[in-house]
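*Asks:* just the structure for this:
(3 chains)
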Amino acid sequence: MGGLLSWIVFLPCIGGLALLFVGDGDEAGRRRVRLLALAVSLATFALSLALYSGFQGGTARMQFAEAASWMPQLGIAYKVGVDGLSLPLVLLTTFLTPIAILFSWEDVGRRVRLYHVALLFLETGMIGVFVALDFFLFYVFWEAMLIPMYLIIGVWGGPRRIYAAVKFFLYTMAGSVLMLVAILWLYFVQGGQTFDILAHLDRPPDPAVQGWLFAAFALSFAIKVPMFPFHTWLPDAHVEAPTAGSVILAGVLLKMGTYGFMRLAMPLFPSAARDFAPLILALAVIGIIYGALMAMVQDDVKKLVAYSSVSHLGFVMLGLFSFNLLGVSGGVLQMVNHGVSTGALFLIVGMLYSRRHTRLIADYGGIARVAPALSAFFVLTTLSSIGLPGLNGFVGEFTILAGAFQRNPAFAAAGAAGVVLSAIYMLWMLQRVLFGSRLAPANENLPDLSAREWAVMIPMAFLMFWIGLYPKPLLEKIEPSAQAWLAQVGRRVLRVEAPVLGPPGGLPLGRGPAPRGVAAAWMERLRGEGRP
Amino acid sequence: MELAFFYLFAAGIVGASLLMVTRANVIHAALLLVLAFLFMAGLFVLAGAEFLAGVQILIYAGGIMVLYLFSIMLMNVGVAVRLRQWHRQSVLALAAAVLLGAEVWAVLGRGGYPGAKAWGWGLGQTPGNVEALGEVLYTKFLFPFEVASILLLAAMIGAIVLAKREITR
Amino acid sequence: MTIPFPQIHWAYLLPVLLVVGGAVFVLMWDAFFPQRERSFLVTLTLAVLASALGASLAAQPGSEAASMGGMYLYDGFTRFVFALILLSSFFSVLLSAAQRSLEEVPAGDYLGLILFATSGMMLMAATRSLLMVFVGLEIFSLALYVLAGFLRGQPEGNEAALKYFLLGSFASGFLLYGMALIFGATGSVDLMEIAQRLTTSPPSRSPAFLLGLGFVVVGLGFKVAAAPFYMWTPDVYEGSPTAVTAFMSVGPKVAAFAAFFRLLLAVGPRAGAELDAILWVMAVLTMTAGNVSAIWQSNIKRMLAYSSIAHAGYILVALAAVRRGSDLATGSFLFYMLVYALMNMGAFCVVVAAGARGEERTRIEDYAGLGYTRPALAAAMALFMVSLAGIPPTGGFVAKFYLFSAAVKVGFVWLPVIAVLNSVVSVSYYLRLVVLMYMREPGEAPARPGLLGPGWSYALAALVLAAAGVLNFGIFPSSFFELALRSTLLLN
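*Replies:* Presented below is the predicted three-dimensional model:
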């Protein structure tokens, strides 16, 4: 140990342990706690930037890989590494954590030390999930991160926080324990006697049992995503969590579900993934439409954003299970985008709440006149979430829909309907909150952004523009891994189903060239013309 | 002849036990228990286990019964006579006992003890079984024999602790 | 006629001799110098236990494992189990010294009985003979019956002691009858001989043998509190002094499970599939009954009682695996018991330490807001609860992982699935305590109740030891698991 990646994973944890020894009895102590937590999270972010700049594009192999013996009796090892699929999510995590800490500066006044310790432990858990290359390690991080999140919701949340926290914990735990049995089964019955994820990728189990194993893995990830109909914990958790908790929850935790599908469930059990694809695509589309419709009827802003998450993550699943390059790249990008946009939305809702202590849309109206900067950011974030061209949301959603279209136009059409619906509920909400002629008397003295809130929002806005206008550097790092992933998933699918599929090239599976249509041309443009 | 005695003793045990558990007067019950022990000793004699028969009479009929009678005397017998003898669970208990008895009967009736014929009882070749018992007790089973003294010591201390508590209260 | 002196390996027997000798010494000392300070006797007992632990760790089991014809057997398994039993006694002595309500009891009698119980457990685990299993079981049972009712003038304590005694004697009867039947069927009480005769001779699977085996399973099932023989557990755990409860929840289970293991390894492979079904059903019933009942408890000792029942159910999974010949099962059982001992003792220690002067905090509601009135204590409790629930990065998770690995390895699928679903159920009651401690404001809490009593240092030592162990086994379990794996049973 001692590599860059291990430092990124464990620095927050070390910082959290150090925080335990800082008193938070008085205001000065609380300030010290906040400063130290911020410093640790910023240092982690700086390290992850070093990771980003050191990461070589153009290759799909695991980089910054580290391995150390851990429990040799069962072949369990400490193995970490990043590739193009996990790198963006690591960056997202290290980026959002300092933002969350900064936002909580005044938002969280009670039990400050415990709060920041939980937040930093949570960061370690989340990064660990994204970089783990050993099943055991993955599972440890996956479960360990539940506790800090549970505390964050349960201690600093809203009035129904205990209910929401317990529901969150039990749902996630119930889903993931079956994965544990499936992992053990893979280890003992599948053979190899190793928990190395990469080693298992080369040895797909017998198709007859893949279905059971896939179901066990998929259940835990589907609850986390959350896919319809496993989503019911999400609105409760989001609404009751403190703002920073919602940001982390929406920004990173939900991605752990989609990442799990991408890293484990699909490449490990390709033929089962193929068999389940129609079901999952259908659930994804239902989730997109259902989430949008639910969002439309909410009168609570935070709940609205929560349901929009259900809808947006449906897009990610749609992209992943399209089994083509467009869908997958779009899916990865959409994970990051959703983290940024929805995170920012929760931040703005949190700002509104801290001013007025209400989340009901009806209590606002005409805010744009008293708080122009806040409103400007609100508009920007909403547009990014809807997917306005030029902002980040567009790139992801468009590529996903293009990918889904190749797979099945009907799903793409339904997905597109979801885009329209999201524009409707978001803009309608925006109109009711920011504009409108009536300005409630209570809102007349609403202060605009404070310096700290500026500091929180500017990086978010920067990221929205950056991904929207110049995604090339990021895509360059994602793409080789996405291609390799596709080869992994697709090759097996082809091998299993090749006789049934008919003429090769009918579907862009495997390593063959994708059909050069409008979408492909788009991808070329996004990548930048002069690809070496 | 032997069989006749066996049935006599067996009937004696069953009859005395049944009478014992149905008596309201505890003293009567205790005396009936002595009777059951004596019949049991008879069974042991029939089986050729003279030592066990002697121990049965000495320890159970002699020692333990005296202890029972002592503790019964210390209690108020009059109250016990007036207490309700049966309660609703007795039917259930009877059913369970009959069931268990039938099970044991069925199982043992089918197979018996194959070990007895195949390997003997592990006793030595000495003629009388007092000697045989003595020999295995001091050779093969020496360790349990010694460890049993720890058991007795622990039991004694436990009894003293409980008794001391009665006094201090 | 000459009687040969039996072959005895004194180095192997030393741990037991130390404990028994210590018990006698403590009793005598208290009788001759009753005016001496109580803390001296506590320190002495701890020293006895520590030296016995040292002696058993120092005695490397070799080829000459069996003393006195297998009546006393010192193999790697014995060594590890000795360490577990001595560790749990060590903890319960620390807890007893910390518990305020035990301050007035006669220390010599109390500590002597704890040491006697310890020696009984050790003897029960370290033998190949059914006879010694019974004698050892009776030694610790008698001591525990008395310890359960040790607190004067507490009706719950008397009820606990009486209930434990009556039901325990009944179970002993079953055990003894079962052993007699096995003896009748095979002509031996030595597990090795029994195993040999089962393979060599046709009438091995005689009905008498199977019936006897069934009765032995009932008797041992009672001692480990497996379903459906667990009914006594909550009442006895609730009524006994907390330190004794802690002892009861670990020590007897280790000993009885160890005997169970030896029995299954010897006769299991030949006893047929009936035993498989029995163990499977017992495991499922035990963990489910424990977990589901624990949800509704309002008394923390009752909750921990049901939780210990549930954990016995998990361990039965390892027993089922061992019968099928899983080579991982023994090691994972030992490791599980080690972690279980630490986390359970830790949880009881918090209960002891949270107690105010004169009364214990036994209602779960009493723990509301503890995270803010006594943060360190609450943090330790949260750690133990998380570990009991089996959530990483604590020892409880790793232990469960190993245990279920052993089951999956021999082809069980539904048993581990039911077990992991059970641990989800268990999360709800373990986390209820965390919810109370951290998510509720403290009630009209007695401001910093009797924290710095004379027993505090003992409680602190126990807490630190348990918490460090639970964390260490969660993050770096490898070396101890290696040790547990190598602590194999020597049958022949």
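*Asks:* run a quick neighbour tally on the residue of the stretch 301-450 of chain C found nearest chain A.
*Replies:* Across the stretch 301-450 of chain C, the shortest distance to chain A (C-beta to the nearest C-beta) belongs to residue C:420, at 3.7 Å. Where you see a C-beta, it was placed from the backbone N, CA and C, and this is true even at glycine. Neighbours of residue C:420 under the rule other C-beta atoms under 10 Å in any protein chain shown: 22.
*Asks:* what do you get for the one 5 residues further on?
*Replies:* Residue C:425 is surrounded by 20 other residues when neighbours are defined as other C-beta under 10 Å.
*Asks:* find the nearest non-adjacent residue to it, please.
*Replies:* Excluding its sequence neighbours, the residue lying closest to residue C:425 (C-beta to C-beta, 6 or more residues apart in numbering or on different chains) is residue C:291, at 4.5 Å.
*Asks:* mind listing what the one you found touches?
*Replies:* Residues counted as contacts of residue C:291 (C-beta atoms under 8 Å, 6 or more residues apart in numbering or on different chains) are C:306, C:307, C:310, C:422, C:423, C:425, C:426, C:429.
*Asks:* same thing but 6 Å
*Replies:* Counting by C-beta atoms under 6 Å, 6 or more residues apart in numbering or on different chains, residue C:291 touches C:310, C:422, C:425, C:426.
*Asks:* on that earlier part again, mind telling me what element the residue of the stretch 301-450 of chain C closest to chain A is part of?
*Replies:* Per DSSP states H and E: residue C:420 is located in helix C:414-439.
*Asks:* rewinding a little: can I assume the residue of the stretch 301-450 of chain C closest to chain A is in contact with residue A:177?
*Replies:* Yes - the pair residue C:420 / residue A:177 is scored as a contact, 3.7 Å apart, by C-beta atoms under 6 Å.
*Asks:* any weak-confidence spans in the chain?
*Replies:* All of this refers to chain A. Applying pLDDT under 70 to chain A flags residues A:1-2, A:191-192, A:490-532.
*Asks:* oops, chain C please
*Replies:* C:1-3, C:36, C:63-64, C:201-205, C:272, C:356-359, C:443-454, C:489-492.
*Asks:* near chain A, which residues of it?
*Replies:* C:391-393, C:405, C:408-409, C:416-417, C:420, C:424, C:427, C:435, C:438-439, C:478, C:481, C:485 (C-beta under 6 Å from any C-beta of the partner chain).
*Asks:* which residue ranges form the strands in the chain?
*Replies:* Picking chain A for this. Taking DSSP state E as the test, the strands found in chain A are A:63-71, A:76-82.
*Asks:* that's the other chain; I wanted chain C
*Replies:* For chain C, the strands defined by DSSP E cover C:66-67, C:72-73.
*Asks:* hey, which of those is tucked in deepest?
*Replies:* Compared across these, strand C:72-73 shows the largest average neighbour count, a mean of 26 (mean count of other C-beta atoms under 10 Å in any protein chain shown).
*Asks:* and that one, which strands flank it?
*Replies:* According to DSSP bridges, strand C:72-73 has the following sheet partners: strand C:66-67 (antiparallel).
*Asks:* longest helix anywhere in the chain?
*Replies:* Chain wasn't specified; assuming chain A. helix A:325-356 (DSSP state H).
*Asks:* actually it's chain C I care about, not the one you picked
*Replies:* Taking DSSP H as the criterion, chain C has its longest helix at helix C:155-186.
*Asks:* whether stretch B:141-149 contacts chain C - can you check?
*Replies:* Yes - with C-beta under 6 Å from any C-beta as the criterion, chain C is reached by stretch B:141-149 at B:142, B:143, B:144, B:147, B:148.
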